[in-house]
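Novice: Task: produce atomic coordinates for the following.
(2 chains)
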2 protein chains.
Amino acid sequence: MYAIGERINGMFRAVGAAIREQNPEPIQELAKAQLDAGAQALDVNVGPTAEDPVAAMAWLVKAIREVTEASLAIDTTKPDVMKKGLELAGPGSIMNSTKGQQEQLDIFIPMAMEHEATLIALTIDENGVPRDANGRGEIALRVVAAAMEKGLDPSRVMIDAVILPVNVTQSTPGQVLETIRNIKVLSDPPPKTVLGLSNVSQGTMQRELINRTYLVMALAAGLDAAIGDVLDTDLMDAMITAELLMDRAVYADDFLKAYRASVQA
Amino acid sequence: MYAIGERINGMFRAVGAAIREQNPEPIQELAKAQLDAGAQALDVNVGPTAEDPVAAMAWLVKAIREVTEASLAIDTTKPDVMKKGLELAGPGSIMNSTKGQQEQLDIFIPMAMEHEATLIALTIDENGVPRDANGRGEIALRVVAAAMEKGLDPSRVMIDAVILPVNVTQSTPGQVLETIRNIKVLSDPPPKTVLGLSNVSQGTMQRELINRTYLVMALAAGLDAAIGDVLDTDLMDAMITAELLMDRAVYADDFLKAYRASVQA
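Specialist: Residues are numbered from 1 along each chain as shown, chains lettered A, B, ... in the order given. The predicted structure follows:
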């Protein structure tokens, strides 16, 4: 599974403060720690309070690029912030994210092609989050059709089926699993699937237990990537074990150690 | 999920010794501890070394019946041992297990009807364990057809799709998940599904991590029951959380505590 570290986000107090004070060290430490823990990409979000989000994103990406060339997931709804992040992060970046409305796809699909990026598309449109797997699948299909029409290969689209907190709706986790399975047959090659995992446990007790339990389910349903807290060792242990059980990683007796050695190499 | 405690098994040294010495206390303690931990039934296996397995099963069931009326899963391949266990355990017992060969079905299906028991059927036949989900599904279908023909309701059949150790075969865990999903559409009502969970981690490191990760996957695929180590708190936490996420238990903020309070009531 492609693990995307969620911690470089201005929503977290220490990150928000580092951005305001233009202090790169806490950011760079978080980047290195997440990569050491097994992240293959790093989400980068300036947070809700940045006064000049384009400048904040530029500073943030430059700070990270001083310590790593890892893929970055530029996390913003604003086209100008996205564009600046992609320019500075370079090819192979991830755009997090577009929604399924035509006017958003018209902006972000060409941007993905121009910057050789992978585009995350949420199964949300002008009517909000669909109630069930069929509604989510319809938006995913529309996104994939729009990508193909404009010449973006579906394998460079990642569908995020939008998990909601389990204390808000208990039917959504199952619907999202069904969506992930359905998306695998949408096109050939199919789009990839991704989840913003931590949302499933927003506002609950036992957040880490809920996160890792749902990650295992989603991985078994075929999930390709997750944005989550890679510094949570139990989460990563669950992910590694799930990959082993789904035959997505070769068995080794000490499979936890073997996996960690492989990602840190 | 219907949790069946696996610990009363002569294979475990303390249990084997208690059976040989006809010392009921360790057995009765294990029965109570497993029920307190959330077991809804108790597997009962005299182990491979009992000299007179019919007498050993009789003693074992009587010892357990002194402390609880909980359902027992009489765990033996021998018809005479099974019959003795069912007679003493009473209606509502579970037979663990038959295989899919006609000659075994001809013995165990009538026995299930006579003793008002639920019959676990392994997806194994004279050709051994099938390689894939289709082969497992064929045996399951044959079992369900035989049950219906003899008048045993399919809802009183539990199909065990036979998980093998992940260090022996890495394709089996995924095949078993597919089998569990397929079995749900075999008949109306469908048979139940069950797994001998601990087998997935036989001979591996990190046994508990593998067990609970696979239980979550299987529960998300629709598994109805598992035979496992209910005294493993992390396993039960994973099960409870998976039930919450699959909308099989009503959300409560302190859902672990709520579940445990409900099963101990």
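Novice: use CA for all of it now, contacts and neighbours both
Specialist: Noted.
Novice: how about the helices in the stretch 101-250 of chain A?
Specialist: For the stretch 101-250 of chain A, the helices defined by DSSP state H, counting those that start in this stretch occupy A:102-114, A:133-150, A:172-183, A:207-220, A:233-245.
Novice: what's the neighbour count on A:Glu25?
Specialist: 12 (other CA atoms under 10 Å in any protein chain shown).
Novice: and it, how far is that from B:Thr77?
Specialist: Distance of A:Glu25 to B:Thr77, computed by CA to CA, to the nearest Å: 65 Å.
Novice: Who is the residue nearest in space to the middle of chain A paired with across the strands?
Specialist: The centroid of chain A falls nearest to A:Ile227 when counting by CA atoms, centre = their mean (3.9 Å). When bridges are called by DSSP bridges, A:Ile227 pairs up with A:Ile4, A:Gly196.
Novice: right, and it touches A:Ile4 too?
Specialist: Yes - contact status for A:Ile227 versus A:Ile4: in contact at 4.5 Å, counting by CA atoms under 8 Å.
Novice: what is in contact with the two at once?
Specialist: Residues touching both A:Ile227 and A:Ile4 (CA atoms under 8 Å, 6 or more residues apart in numbering or on different chains) are A:Asp43.
Novice: can you tell me which residues contact A:Glu66?
Specialist: Counting by CA under 8 Å, 6+ apart, A:Glu66 has contacts A:Gln28.
Novice: can you check the one 4 residues further on too?
Specialist: Taking CA under 8 Å, 6+ apart as the contact definition, A:Ala70 lies against A:40-42.
Novice: Output these as JSON lines; include the columns secondary structure.
Specialist: Output for these, formatted as JSON lines (DSSP: H, G, I helix; E, B strand; the rest coil):
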{"residue": "A:Gln40", "secondary structure": "coil"}
{"residue": "A:Ala41", "secondary structure": "strand"}
{"residue": "A:Leu42", "secondary structure": "strand"}
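Novice: any idea which of those is closest to B:Asp237?
Specialist: A:Gln40 (29.2 Å; CA to CA).
Novice: close enough to count as contact, the closest one and A:Ser71?
Specialist: Yes - applying CA under 8 Å, one finds A:Gln40 in contact with A:Ser71, separated by 7.1 Å.
Novice: So the nearest residue to A:Ala3 once chain neighbours are set aside versus chain B, what's the distance?
Specialist: Spatial nearest neighbour of A:Ala3, excluding adjacent residues (CA to CA, 6 or more residues apart in numbering or on different chains): A:Ala39 at 4.9 Å. According to CA to the nearest CA, to the nearest Å, A:Ala39 and chain B sit 21 Å apart.
Novice: residues in contact with A:Ala39?
Specialist: A:Ala39 neighbours (CA under 8 Å, 6+ apart): A:2-5, A:230.
Novice: can you rerun that using 10 Å?
Specialist: A:1-6, A:31-33, A:70-71, A:226-231, A:236, A:263-264 (CA atoms under 10 Å, 6 or more residues apart in numbering or on different chains).
Novice: What subset of those is buried?
Specialist: A:1, A:3-6, A:31-33, A:70-71, A:226-231, A:236 (16 or more other CA atoms under 10 Å in any protein chain shown).
Novice: quick one, which of the helices of the stretch 101-250 of chain A is packed in tightest?
Specialist: Scoring those by mean neighbour count under mean count of other CA atoms under 10 Å in any protein chain shown gives helix A:207-220 as the most buried, with a mean of 24.
Novice: Export that helix to CSV, keeping only CA atoms.
Specialist: C-alpha atoms of helix A:207-220 as CSV (Å, rounded to 0.1, in the frame of the first residue of the first chain):
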residue,chain,number,x,y,z
ARG,A,207,-9.3,6.8,17.3
GLU,A,208,-6.2,4.6,16.6
LEU,A,209,-8.1,1.3,17.1
ILE,A,210,-10.8,2.5,14.7
ASN,A,211,-8.3,3.8,12.1
ARG,A,212,-6.3,0.6,12.0
THR,A,213,-9.3,-1.7,11.9
TYR,A,214,-10.8,0.2,9.0
LEU,A,215,-7.5,0.3,7.2
VAL,A,216,-7.3,-3.5,7.3
MET,A,217,-10.9,-3.7,5.9
ALA,A,218,-10.2,-1.2,3.1
LEU,A,219,-6.9,-2.9,2.2
ALA,A,220,-8.7,-6.2,1.9
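Novice: Let me know the average pLDDT across that helix.
Specialist: If you average the pLDDT over helix A:207-220, you get 98.
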